[in-house]
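> sequence? don't have it. structure:
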């Protein structure tokens, strides 16, 4: 099993640049119907994956004194950038040369796995769905028996 067989190339994947505003990021995620999306820099390096939850927790600032959540004004979504959401990478990438075992172990934890080349540039994703389809196809042929 070669990772390249499953790869959805960068040209076919929605992603965000780290200097996009939060509003641009939310609009792109909404347009594509995604709950998580890769983030890259202008040089094409993979930085992180952000999710709807990352946006939500950024918008709902925890007011430690009142212990209440307050919503951030919508216009401030233009002022903050995607890079303000980047923290620890919950969705680490794999190299295009990674072992099938590593790809499978990541697929247990993630809906998609970002794939990078040897220089750390984002080249696409592999979806859990495509991996499962690959392994289920032999089983589908046995259904009629």
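Here it is on my side, so go on. The structure displayed is predicted, hence computed values, not measured ones.
> how about the strands in this structure?
Counting by DSSP state E, one finds strands in the chain at the ranges 8-9, 16-17, 36-40, 46-51, 60-63, 68-71, 94-95, 112-116, 122-127.
> any chance you could map the helices in this protein?
3-6, 22-32, 52-59, 100-109, 128-140 (DSSP state H).
> could the ones you listed go into CSV alongside mean neighbour count?
C-betas here are computed from N, CA, C, even on glycine. CSV is the format used below for the helices of the chain (neighbours: other CB atoms under 10 Å):
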stretch, mean neighbour count
helix 3-6, 16
helix 22-32, 16
helix 52-59, 15
helix 100-109, 14
helix 128-140, 12
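> And the ones you listed: which comes nearest residue 77?
Set against residue 77 and scored by CB to CB, the helices of the chain come closest in helix 22-32, at 4.1 Å.
> So which residues lie in contact with that closest one, not counting its own?
When contacts are defined by CB atoms under 8 Å, 6 or more residues apart in numbering, helix 22-32 is touched by residues 14, 16, 20, 35, 37, 50, 52, 55, 58-59, 74, 77-78, 80-82, 84-85.
> What subset of these is buried?
16, 20, 37, 50, 55, 58, 59, 77, 80, 81, 82, 85 (16 or more other CB atoms under 10 Å).
> ok, the nearest residue to the second one once chain neighbours are set aside to residue 60 distance?
What that stands for is residue 20. Nearest residue to residue 20, sequence neighbours excluded (CB to CB, 6 or more residues apart in numbering): residue 82, at 4.9 Å. Distance, residue 82 to residue 60, using CB to CB, to the nearest Å: 17 Å.
> shaky segments in the chain?
Along the chain, segments meeting pLDDT under 70 span 1, 61-74, 138-145.
> Kindly recompute the last result at 50.
Scanning the chain for pLDDT under 50 picks out 63-65, 144-145.
> List the contacts of residue 83.
Shown in contact with residue 83 (CB under 8 Å, 6+ apart): 18, 19, 47.
> ok, so of the residues you listed, who is nearest residue 3?
Using CB to CB, the contacts of residue 83 come closest to residue 3 at residue 47, 20.2 Å.
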